[in-house]
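Undergrad: next one to model:
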Amino acid sequence: MSGLELTTDVLVVGGGPAATWAALKAAQDGADVVLADKGYCGTSGATASAGTGVWYVPPEPAAREAAMASREALGGYLADRRWMTRVLDQTYAGINELAAAGRYPFPAGPDGKQLRNGLQGPEYMRRMRIRVQRAGARILDHSPVTELLTDPSGAVAGARGHRRQAGQPYRVRAGAVVLATGGCAFLSGALGCNVNTGDGALFAAEAGAELSGMEFSSAYGIAPEGTSVTKTAFYSFATFYRADGSVLEGAAGQGGRSVIARTLLSEKVYCRLDRADEAARQAMRLAQPNFFLTFDRLGIDPFTQLFAVTLLAEGTVRGTGGIRITGDDCSTTVPGLYAAGDAATRELICGGFTGGGSHNAAWAISSGTWAGRGAARHARSLGARAGTRPVVAAGGAGLRPTGTPGPADGFRHVITAVQGEVLPYEKNYLRHGDRLTASLKVLDAVWEESRASLHAGGGDVVRARQAAAMTAHARWMYAAALARTETRGMAKRLDFPAQDPGQHHRIVTGGLDQVWTRAEPLPTAPAALAAPTAPVAPLEVAS
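TA: Residues are numbered from 1 along each chain as shown. Below you'll find the predicted structure:
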């Protein structure tokens, strides 16, 4: 193979918070580390373009108990208290480390103490890039991975990719790989999510890994029409209106988004943040300045003027599904393969409800830390043979057609076809078994065609692989959604509006040409489940 050839102990795929924490901790553990990012590490991805809350809770029993209890019911009691405790502990330590070693400029409260429950994404990721470099890790910017490499035993042994700016392929042999590529937002236009096309999940499945929680993937964020900023929390101060100026009854940023979705199917919806007083307005601008940048550029005062809104799909970026975790070190069912951040399932701490910003940010810090250290240990256990193992490429759809190759720009058709099944509200948000079944049939056909003929050369191979990853992601989502014949957490079904105590389990899925699902029992059932279960109000997802 022509192009760049590297050998390392740990390869981290991705460039967001989970990836940088993984690279940092693997390097601090003594491993030689390469980090390969699809974009420029420190500026690409959902976190780098926005601010986020953090699930940062001091180690006080009452506060920790309240923090864990706050989302258990929302998530359908699928979260694991042991993992929640671990994440709270690791996040607390990680944020304190960021303040001390990373010198992150947390703001101070009225009492002079730093407020460490929020981060400004651009500054956070700028500092994480610096920390990774200072730890000795090598960063390959604009170098998307296109497939994993495995050794004869099936263990992961590195990856191949394409260096965009150099216009050449590259290969990295590694003792272990951490996938921290984010979730999948299906190129919906949500801010910072253009790199989140589900690549890591495809790579993992091709190597034999499983996924979990893929039914919890119907997240949509509110955004001003024609824009990309889906910072939904401030819409709790909003009143929503129809085009004729009348109030849209039942619509809300939290607990009323399905009303907005249904109305948008037939008419425009307008909004005004008219429930915020002057003090709240000033606080909001200080907390999330990028939220207001769009309005300022458009010349709109969102507190006094109406503006049209839309809903943008955020899939498993704000949802909870992802690669199934099998160990405390964020290992997977495939030896040498680890997953972190939004690429991994967040059911362990969120159950079936969105992690929003705060829980996902905490999970990125914690899972990145554990995956980096776990990958370093695994690579160390292989010794000198880690970089000398014979390897085979694991990639399929978009790389190695099983039939006659189609046109080089065939990925465009695939992406359009997938988006037609996952972006419309009536299919992915207002879910019904009949519509899910019809969409899955279409997606299966798209996959079959992609497997047979999808291919591209040069840099377009990245787009072909993104198209394949989006197709696979959508099929896992809908297969899992059909397997959960109830409403639990974000997995809401119009045809099954009640929660079924008999389905208090996780749903594991996987497969490529043939997608499969299976129920995974939980170790114990929370005491709260002993109470009678009432029908759940349909289709509300908060941020």
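
Undergrad: next helix or strand past the longest strand anywhere in the chain?
TA: For the chain, the longest strand by residue count, based on DSSP state E, is strand 168-179. Sequence-wise, the next helix or strand downstream of strand 168-179 (DSSP states H and E) is helix 199-207.

Undergrad: just checking, what packs against that next one?
TA: Counting contacts by 3 or more CB pairs under 8 Å, 6 or more residues apart in numbering; DSSP states H and E, helix 199-207 packs against strand 145-150, strand 168-179, strand 211-212, strand 322-323, strand 337-339, helix 460-483. Glycine gets a C-beta too; all of them are placed from N, C-alpha and C.

Undergrad: the strands in the stretch 351-500 of the chain, which residues?
TA: Secondary structure of the stretch 351-500 of the chain (DSSP state E, counting those that start in this stretch): strands at 392-393.

Undergrad: which stretches of it form helices?
TA: With helices called from DSSP state H, counting those that start in this stretch, the stretch 351-500 of the chain shows them at 358-382, 410-422, 433-453, 460-483.

Undergrad: could I get these as a markdown table with mean pLDDT and mean neighbour count?
TA: Shown next, in a markdown table, are those (pLDDT from 0 to 100; neighbours: other CB atoms under 10 Å):
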| stretch | mean pLDDT | mean neighbour count |
| --- | --- | --- |
| helix 358-382 | 97 | 26 |
| helix 410-422 | 98 | 20 |
| helix 433-453 | 98 | 18 |
| helix 460-483 | 98 | 26 |
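
Undergrad: I'd like those helices as a markdown table, with distance to Leu115 appended.
TA: Output for the helices of the stretch 351-500 of the chain, formatted as a markdown table (distance: least, CB to CB, whole Å):
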| stretch | distance to Leu115 |
| --- | --- |
| helix 358-382 | 13 |
| helix 410-422 | 37 |
| helix 433-453 | 43 |
| helix 460-483 | 36 |
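
Undergrad: and the ones you listed: which comes nearest Ala519?
TA: Proximity to Ala519 (CB to CB) singles out helix 460-483 among the helices of the stretch 351-500 of the chain, at 7.7 Å.

Undergrad: and the angle for the closest one with helix 410-422?
TA: If you take axes from the mean of the first three to the mean of the last three CA atoms, to 10 degrees, helix 460-483 sits at 20 degrees to helix 410-422.

Undergrad: give me the mean pLDDT for the helix or strand that comes right after helix 460-483.
TA: Remark: after helix 460-483, the chain's next helix or strand is strand 505-510, criterion DSSP H and E. Across strand 505-510, pLDDT averages out at 98.

Undergrad: quick one: strands adjacent to strand 505-510?
TA: Using DSSP bridges, strand 505-510 pairs in its sheet with strand 211-212 (antiparallel), strand 516-521 (antiparallel).

Undergrad: in the longest one, what counts as buried?
TA: So that's strand 516-521. The neighbour-count check on strand 516-521 (16 or more other CB atoms under 10 Å) flags Thr517 as buried.

Undergrad: starting at the chain centroid, how far to it?
TA: 21 Å (CA atoms, centre = their mean, to the nearest Å).

Undergrad: what does stretch 400-408 give?
TA: So, by CA atoms, centre = their mean, the centroid of stretch 400-408 is 30 Å from its chain's centroid.

Undergrad: how far does that stretch stretch from start to finish?
TA: Stretch 400-408 has an end-to-end distance of 13 Å (criterion: CA to CA, to the nearest Å).

Undergrad: give me the contacts around it.
TA: With contact meaning CB atoms under 8 Å, 6 or more residues apart in numbering, stretch 400-408 is reached by Glu449, Arg451, Ala452, Ser453, Leu454, His455, Ala456, Gly457, Asp460.

Undergrad: what is the nearest of those to Arg126?
TA: Nearest to Arg126 among these: Asp460, at 30.8 Å, using CB to CB.

Undergrad: show the pLDDT at the nearest residue to the closest one once chain neighbours are set aside.
TA: Of all residues not flanking Asp460 in the chain, Ala408 sits nearest, at 6.4 Å (CB to CB, 6 or more residues apart in numbering). Listed pLDDT for Ala408 reads 91.

Undergrad: cool, and Thr388?
TA: 84.

Undergrad: also the one 3 residues further on?
TA: You'll see Val391 listed with a pLDDT of 96.

Undergrad: how about the one 10 residues further on?
TA: The per-residue pLDDT reported for Pro401 equals 96.

Undergrad: walk me through which strands the longest strand of the chain pairs with, and which way each runs.
TA: Strand 168-179 has the following sheet partners, assigned by DSSP bridges: strand 4-13 (parallel), strand 156-163 (antiparallel), strand 337-339 (parallel).

Undergrad: highest mean neighbour count out of those?
TA: strand 337-339 (a mean of 31; mean count of other CB atoms under 10 Å).

Undergrad: quick one, which of the helices and strands packed on helix 199-207 gets closest to Thr517.
TA: helix 460-483 (4.3 Å).

Undergrad: what packs against that closest one?
TA: strand 145-150, helix 199-207, helix 315-318, helix 410-422, helix 433-453, strand 505-510, strand 516-521.
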